[in-house]
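*Asks:* pasted the sequence and its predicted model underneath.
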Amino acid sequence: MPEPAGGPAASTAGASRREELLRIAADLFATKGFRNTTVRDIADAAGILSGSLYHHFDSKESMVDELMRTFQAELFAAYDEILASTDDARSKLERAVRLSFETIERRGAEVAIFQNEAATLGQLERFGYLAERNRQSRDVWVSLLTEGVESGALRSDLDITLTYRFVRDTVWVAVRWYRPGGPHTATEVADQYLTILLDGIATSGGRAATSASEERASRPSEQGDSSA
């Protein structure tokens, strides 16, 4: 027996269509820029009339607002989980870096929008929360780095503020070139970044297992016989 109009099936279909429109808008905002993307652009990409889009959203501002709020809520829930964990300081930093690349992989468009458009959107009253989220993100990373220094996992001579800026910029800027499905997974990229970042700022006691290069350097040279 078919479900009545407006029943659960219709609600599910409506929600799916709404999510599809958000994904289309996110990709356009990320590639063309928020200001340069019109409601008609979004409707055309979705294969619908502009008027039909207004059945789901009253403006493109509402669309980017929902994208940013959902993205930020997920990210900070994960940050809170890391901060509340009983992991050691280095492990928390590793988790935060991995989370960043996982977020780029799952929500690359939203990350790009935040990176490129936060200042512009922040001029509108409804997006005032973006500046606060930016401050909260800074507090998370500064807290993790401070814990690392105080625990002895990271070098005591680190300038926390400069280190935070370096980590932030080197990690999140990856959204400009990383593409899911490319030659490297998010996990592989995170592994490389962690080697460069943490083994560069960690004390010897806070480092992970001896690197392969250090192991090779400790072995007797095997080149003597080959040159004879």
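*Replies:* The structure has been received and is ready for your questions. This structure is a prediction, so every number in the text was calculated from the model and none was measured. Numbers count the residues shown, from 1 in each chain.

*Asks:* phi and psi next, for Thr163.
*Replies:* Backbone geometry at Thr163, expressed as degrees, to the nearest 10, gives phi -60, psi -40.

*Asks:* could you say what helices and strands the helix or strand that contains Leu197 packs with?
*Replies:* In this assignment (DSSP states H and E), Leu197 forms part of helix 186-201. Counting by 3 or more Cβ pairs under 8 Å, 6 or more residues apart in numbering; DSSP states H and E, the packing neighbours recorded for helix 186-201 are helix 89-121, helix 160-172. Every C-beta, even on glycine, is put in place using the N, C-alpha and C of the backbone.

*Asks:* list the buried ones in that helix?
*Replies:* Within helix 186-201, the residues scored as buried using 16 or more other Cβ atoms under 10 Å are 186, 189-191, 193-194, 197-198, 201.

*Asks:* try stretch 95-103
*Replies:* So, applying 16+ other Cβ under 10 Å, buried residues of stretch 95-103: 95-101, 103.

*Asks:* how about residues contacting stretch 87-96?
*Replies:* Residues outside stretch 87-96 that contact it (Cβ atoms under 8 Å, 6 or more residues apart in numbering): 79, 82-83, 85, 140-141, 144-145, 147-148, 150-151, 153-154, 194, 198, 202, 206, 208.

*Asks:* these in strands, which ones?
*Replies:* Counting by DSSP state E, no part of the contacts of stretch 87-96 is found in strands.

*Asks:* per-residue confidence for the nearest residue to Arg40 once chain neighbours are set aside?
*Replies:* Leaving aside its chain neighbours, Arg40 sits nearest to Ser50 (5.0 Å; criterion: Cβ to Cβ, 6 or more residues apart in numbering). Ser50 is assigned 91 on the pLDDT scale.

*Asks:* and if you look at Tyr54?
*Replies:* Taking Tyr54 on its own, its pLDDT is 92.

*Asks:* Ile48: how many residues sit nearby?
*Replies:* Ile48 has 15 neighbouring residues, counting by other Cβ atoms under 10 Å.

*Asks:* ok, now Pro180?
*Replies:* For Pro180, using other Cβ under 10 Å, the count is 10.

*Asks:* so it touches Gly108, yeah?
*Replies:* Yes. Under the contact definition of Cβ atoms under 8 Å, Pro180 touches Gly108, with a separation of 7.0 Å.
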